[in-house]
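Chemist: Next input, structure requested:
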Amino acid sequence: YNQTTTHQLSETSMPKDNDKNLLHLTIAALSSVIISVTLLLLHPKTKKKFKTVKKRTLTELVRPNILSLAPYRCARDDFDKGMLLDANENTLGPAISDSLLNLDASLLELNRYPDPYQLKLKGHLAKFRNVKEEQIFVGVGSDEAIDLLIRIFCVPDRDSILITPPTYGMYKICAKTNGVAIQTSILNPDFSLNLNSVKETIDSTTKVIFLCSPGNPTAVCIPLQTIISLHDSFDGIIVVDEAYIDFAPIPSACTLLNSLDRLVVTQTLSKAFGLAGIRLGFACSSSFIISLMNKVKAPYNVNKLSSEVACRGFSDLSKYKKNVGRILSQRDKLMETFRKERYVKRVLKSQANFFLLEVENAHTIYLHMANEGVVVRFRGNEFHCKNCLRITVGSEEENEKLLAKVRETVGLIETGKIPLRE
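Modeler: Sure, this is the predicted structure:
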């Protein structure tokens, strides 16, 4: 057709005033174009190129590991009313005098962004933990630090973290969210760290080991010498989560930072300081690791209100020390009372503001008491925790009510007035 069109063009281009020849030329040219386009569209490669693409569903846009992720289940997901002895909070309240809690918002310039590095607060934390300011990261609870450390050191679909169940659930959640594999080394039955098992579990993919000390839900500390030994035999990052260290009889692992360059210690103001509501935590490590965390964090991750309340908490530590002493005293008293109760199988050792109580029909007791307004935490599905309730130490009055409710519930079970629950 191209040859025919060219021939017609040469024959009809001379008489410019011949409308008939011009019409024939136009028709021939259009015919050539139509036939060429038709042949092009019918070609298999062209048909494949113009094939209609199926519109993706919203679910198909989500990363598969997020779709399959089981979210962290916190205490408030189950019960949020009544006498709450289930979340290891400080039931005595904030370790700040009422006068210091009265904030004048006009002085905080809330129309301005907060200090992105929280230098004023870091000054208090550095003095409190005897570290340098450049060794401190401040974040939204200790959970932000946990997530950042996995993102910094672990390559998705290649690296692993190692955890030691039973332990805090957010290590696993953060790893799965970031596409990082999880290795496990189960604690010994007495909740001590099985150092040989940890070392045998470590392989070339292991980047970060998370240790909880005192543990949650175990309430047992990891000796500092064990941490040193593990650091000497492992070339990755060791994170020691010390949310409950203020209740422990051993020093903080922060005392090891100057000699262990791959150690990170995370802490929070949610427990001993009684400031769970401001969601503020921090991490201490080498200045190099802290600089990496500051690179990755959001620009203004800690708000002014939380930061100011935290600073006031450090301005006078007398209430903090008094509350810790009261909680420890009440813990020992409550545990001793439970040891004498006939229905109690075991009261496990505690170095925190909570303890594990092993009783028959633990799940039934937990559900009945919660529905009656006394809430503890069922931990019977964890390793070495069969029939265990995790009990947060309350005030003197709360502990007395707890004891009365447990006794009452056991009596109702024994007389068949409450159906057993699995």
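
Chemist: The stretch 101-250 of the chain: strands as residue ranges?
Modeler: Shown for the stretch 101-250 of the chain, the strands assigned by DSSP state E, counting those that start in this stretch span residues 136-139, 160-163, 181-184, 206-212, 237-241.

Chemist: between these, which gets nearest to Phe355?
Modeler: For the strands of the stretch 101-250 of the chain, proximity to Phe355 was assessed by CB to CB; strand 206-212 is nearest, at 15.3 Å. The C-beta positions use only the backbone N, C-alpha and C, and glycine is treated the same way.

Chemist: In the sheet, which strands lie alongside the closest one, parallel or antiparallel?
Modeler: Sheet partners assigned to strand 206-212 using DSSP bridges are listed as strand 160-163 (parallel), strand 237-241 (parallel).

Chemist: contact partners of the shortest one?
Modeler: Outside of strand 160-163, the residues within contact range by CB atoms under 8 Å, 6 or more residues apart in numbering are 150, 154, 171-172, 175, 180-185, 198, 201-203, 205-210.

Chemist: Any stretches of the stretch 51-200 of the chain with poor pLDDT?
Modeler: The model of the stretch 51-200 of the chain has pLDDT under 70 over residues 51-52.

Chemist: which stretches of it form helices?
Modeler: With DSSP state H, counting those that start in this stretch as the definition, the stretch 51-200 of the chain shows helices at residue ranges 58-61, 64-67, 98-101, 119-129, 141-153, 170-177, 195-201.

Chemist: how about JSON lines for those, with mean neighbour count and distance to Tyr300 added?
Modeler: Formatted as JSON lines, the entries for these read as follows, by neighbours: other CB atoms under 10 Å; distance: least, CB to CB, whole Å:
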{"stretch": "helix 58-61", "mean neighbour count": "8", "distance to Tyr300": "29"}
{"stretch": "helix 64-67", "mean neighbour count": "11", "distance to Tyr300": "26"}
{"stretch": "helix 98-101", "mean neighbour count": "11", "distance to Tyr300": "23"}
{"stretch": "helix 119-129", "mean neighbour count": "17", "distance to Tyr300": "13"}
{"stretch": "helix 141-153", "mean neighbour count": "22", "distance to Tyr300": "13"}
{"stretch": "helix 170-177", "mean neighbour count": "21", "distance to Tyr300": "21"}
{"stretch": "helix 195-201", "mean neighbour count": "15", "distance to Tyr300": "38"}
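
Chemist: Can you lay out these as TSV showing distance to Lys349?
Modeler: As requested, those are exported to TSV (distance: least, CB to CB, whole Å):
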stretch	distance to Lys349
helix 58-61	47
helix 64-67	37
helix 98-101	35
helix 119-129	26
helix 141-153	24
helix 170-177	23
helix 195-201	19
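
Chemist: Tell me which of these sits nearest to Ala298.
Modeler: For the helices of the stretch 51-200 of the chain, the distance to Ala298 is smallest for helix 141-153, at 8.7 Å, taking CB to CB.

Chemist: Who are the packing partners of the closest one?
Modeler: Counting contacts by 3 or more CB pairs under 8 Å, 6 or more residues apart in numbering; DSSP states H and E, helix 141-153 packs against strand 136-139, helix 170-177, strand 206-212, strand 237-241, strand 263-268, strand 281-284, helix 287-296.

Chemist: What lies in contact with that helix?
Modeler: With CB under 8 Å, 6+ apart as the contact definition, helix 141-153 has outside contacts at 137, 139, 159, 161, 170-171, 174-175, 177-178, 180, 207-208, 210, 236-237, 239, 241, 243, 264, 266-268, 270, 279-283, 292-293, 296-297, 301.

Chemist: Repeat the analysis, applying 7 Å as the threshold.
Modeler: Counting contacts by CB atoms under 7 Å, 6 or more residues apart in numbering, the residues outside helix 141-153 that touch it are 137, 139, 161, 170-171, 174-175, 178, 180, 207-208, 237, 239, 241, 243, 264, 266-268, 270, 279-281, 283, 292-293, 296-297, 301.
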